[in-house]
Structures are given as C-alpha cells and as structure tokens.
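> Give me a model of this one.
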Amino acid sequence: MILAAGINAYTSSKWKNIKPYPGVIPTLKKLKKHYKLGIVSDAPKLKVYQRLEKLKLTKFFDTAIAYEDTGRKKPSRLPFKKALKILKVKPNEAVFIGDWPDKDIKGAKSIGMKTIFARYGYLGKGKIVYADYRAVKFSDLLKILKKIRN
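Numbering: from 1, shown residues only. Below is the predicted model of the structure:
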C-alpha cells in the first residue's frame, strides 16, 4: 500500500508541474508553418502522447515514433528511418533536435541528418557527440533553421 501511495503522489505531482520550456508554443507555431514536425522517442507511445496532450502540443506534430514502432532505441537508425519514411523526407532534408548527445545526435548523424543539440534540455547524460548546431534556448531553433535553409 505504501508503494501505491508513493507512485500516486509522484504521478500527481509530475502531471501538476509539467510545462513546456519557455518559448515552445510560439516557436512551434512558426515552425509548423514551414516544416513537417516529428518526434523520435525511446518512451512508450502512450507516455509520449500523454506528455504532448498535457502540454497541448499534439497538434504541432505530424508523427511521433516511439519504442514499440521499431522495437529499437536510439541511437539505432531504425526509429529515425521510420520517422523520415512517414514524413516523406530524405535524411539530407531533415534536421534532428535532441538533448541526449550519444542517443539523439549520434543516431541522427548516422543516417545523414543535420543535428541541433538542445542544450536547454540537457541533463548531463551521455558521451559527447558534437552536433552541427547548438540551441541554448528553444526559440534559438528559428534562427538556426533559417541559417540551415539559406
């Protein structure tokens, strides 16, 4: 009973306190006008969509690839390839934004995607893998993507 109470307290607190990074919604609105947007996550699909729904972000994304879509976790190429296939985009036309260098950046680079290291979400995990670009805050993505496009 104590474990159940602890899990419920944790879950309740987590959902009460979850919020997007500063600038996420206005930035996603601008990005959505010009790009197809997708998510590649190691989390189960239900967890991915729970977070997106709670944050009111679902409408911005054309697809979300989760662990059960390929049975492989990043940096495997399979989740990235699946996202590209659904979005009908070639690797050299895509940019992957991630905060876990040896999973996100390594995996995306391995199939030829340009990469942006999301410093704003980095929790000091993983080995150093250098991305093509670096975003200190979420809104930096607009400037970086403009630079890549030109």
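> any idea how far residue 121 lies from residue 77?
Remark: distance between residue 121 and residue 77 (CB to CB, to the nearest Å) = 22 Å. C-beta coordinates here come from the backbone N, C-alpha and C atoms, glycine included.
> swap in residue 41?
Plainly put, residue 41 is 15 Å away from residue 77 if you go by CB to CB.
> so which strand or helix has residue 78?
According to DSSP states H and E, residue 78 maps onto helix 77-87.
> Buried residues of that helix, list them for me.
Buried positions in helix 77-87, judged by neighbour count with 16 or more other CB atoms under 10 Å: 77-84, 87.
> Just name whatever secondary elements that helix is in contact with.
With contacts defined as 3 or more CB pairs under 8 Å, 6 or more residues apart in numbering; DSSP states H and E, the packing partners of helix 77-87 are strand 38-40, strand 63-65, helix 67-70, helix 106-110.
> switch the cut-off to 10 Å
Applying 3 or more CB pairs under 10 Å, 6 or more residues apart in numbering; DSSP states H and E, we find helix 77-87 packed against strand 38-40, strand 63-65, helix 67-70, strand 95-98, helix 106-110.
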